[in-house]
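Asks: Everything below, folded, please.
(one chain, ligands or ions: 1)
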Amino acid sequence: MKVPFLDLKSPFVELQAELNSAYEHVMSSGWYVNGSEVSSFEKDFSAFCGSNFSVGVGNGLDALVLILRGMNIGEGDEVIVPSHTFIATWLAVSQVGAIPVPVEPDEITYNINASLIESAITKKTKAVIAVHLYGQPADMDAINTVAKKHGLKVIEDAAQAHGARYNGHRVGSLGDAAAFSFYPGKNLGAFGDGGAVVSSDKTLTEMVRMLSNYGSKIKYEHDVQGVNSRLDELQAAMLRVKLKVLDEWNKRRQQVASSYLSSFQGISDDLILPECAQGAEHVWHLFVLRHPKRDQVCRYMREQGVETLIHYPHACHKTKAYVNYKHHLRVSEMLAEQVFSIPMGPHLAAEGAERVVEVVKKALVHV
Ligand SMILES: *Cc1c(COP(=O)(O)O)cnc(C)c1O
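Replies: From the prediction side, this is the model:
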């Protein structure tokens, strides 16, 4: 039995009737950009997040860039970022001309270690980006406390955590602004690229909207040098259908995760299981294990037909894109060597998950 890493066809099949009628509706309307599907989705999504405003944009990276630009962060500024994250978090900071300053992750949750943030702050620091990595909310109380003390903005990179809660509050409502991605594989995924900025700050969201639409509020009047980064009507219509099932689909992910956790409990000292922090509700974008012989475990699993992926095989400061970074970041470098992600998703059936467990157990005997 083969188990793919992620099944992107079943979500379509489950919602086919509704998605098709959303498609028909948009296609026959003759209106494809900046229309009522996007504005309805923006209202639905900000309400879902417990925030006041949202702006549909082209993708998650642009959402981060537009937030930074909207906050006037750029040349000469520093932004604190987790060293262990998808590289988009860093690229957004670099794209606006600011400098990403890495902070190591907590060894248990893999999210930014909030107790290390203060020592990374300088006179140039303007903001902290908190990534809710793998679907688990970051330690937001501690991050907000240190940010407030030093007058820093807090930006959530919520691209992996749609719907997750922290002390009962949704991600997207936990900082000054949040960036979401609707890349197909995310917990709330479109059928192409898409993203959103969510915030309760009206001035900021108006600025983001203007920047994302050629720096224009009124057609052909350009107040700032903006870009073209918009969510389109078709994707927004599909996302409205999928938003309705997001909580239910996250619950299915949580069920898969709890069956994995109980099956793997205590089977090997070398197999390190994911852990949830107090108050953090995990929505399991990824189920990430650790093993000192990660590559051998993954090779064996692939031979048995179970796909795994690595998130991420190279720490950002070790990539060619950041060759000028000479940092030694022990925890991030260790994680890049040891983590691997096993199949996870709302359409992973019980038999599939059981097969994954069986193959992981065999792999541990084998390596
Ligand atoms: C996916 C992702 C992004 C970027 O989103 P795109 O829509 O692919 O541009 C940013 N940050 C994190 C943590 C992500 O996982």
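Asks: Strands of the stretch 151-300 of the chain, start to end?
Replies: Across the stretch 151-300 of the chain, reading from the start of the chain, the strands by DSSP state E, counting those that start in this stretch fall at 153-157, 165-166, 169-170, 177-181, 195-199, 216-218, 221-222, 287-290.
Asks: what distance separates the first one from the centre of its chain?
Replies: Yep, that's strand 153-157 we're talking about. When C-alpha coordinates are averaged (Cα atoms, centre = their mean, to the nearest Å), strand 153-157 and its chain have centres 12 Å apart.
Asks: same check, this time on the fourth one
Replies: Distance, stretch centre to chain centre, for strand 177-181: 8 Å (Cα atoms, centre = their mean).
Asks: contacts for that strand?
Replies: Residues outside strand 177-181 that contact it (Cβ atoms under 8 Å, 6 or more residues apart in numbering): 45, 49, 51, 59-61, 63-64, 67, 70-71, 88, 92, 153, 155-159, 162, 171-172, 188, 194-199, 201, 204-205, 208. C-betas here are computed from N, CA, C, even on glycine.
Asks: Tell me how many other residues surround the residue nearest to residue 307 when sequence neighbours are not counted.
Replies: Using Cβ to Cβ, 6 or more residues apart in numbering and skipping the chain neighbours, the partner closest in space to residue 307 is residue 5 (3.9 Å). Counted with other Cβ atoms under 10 Å, residues neighbouring residue 5 total 16.
Asks: list the helices and strands the longest helix anywhere in the chain packs on?
Replies: When secondary structure is assigned using DSSP state H, the longest helix within the chain turns out to be helix 246-264. Taking 3 or more Cβ pairs under 8 Å, 6 or more residues apart in numbering; DSSP states H and E as the contact definition, the neighbouring helices and strands of helix 246-264 are strand 287-290, helix 350-366.
Asks: who's in contact with the residue nearest to residue 307?
Replies: Residues in contact with residue 5, defined by Cβ under 8 Å, 6+ apart, are 307, 308, 309, 341, 343.
Asks: Around the ligand, which positions in the stretch 101-250 of the chain sit nearby?
Replies: Taking Cβ under 6 Å from any ligand atom as the criterion, the stretch 101-250 of the chain approaches the ligand at residues 131, 157, 159, 160, 181, 183, 193, 195.
Asks: pLDDT wise, what is the first one at?
Replies: Spelled out, that is residue 131. Taken from the predicted model, the pLDDT recorded for residue 131 is 98.
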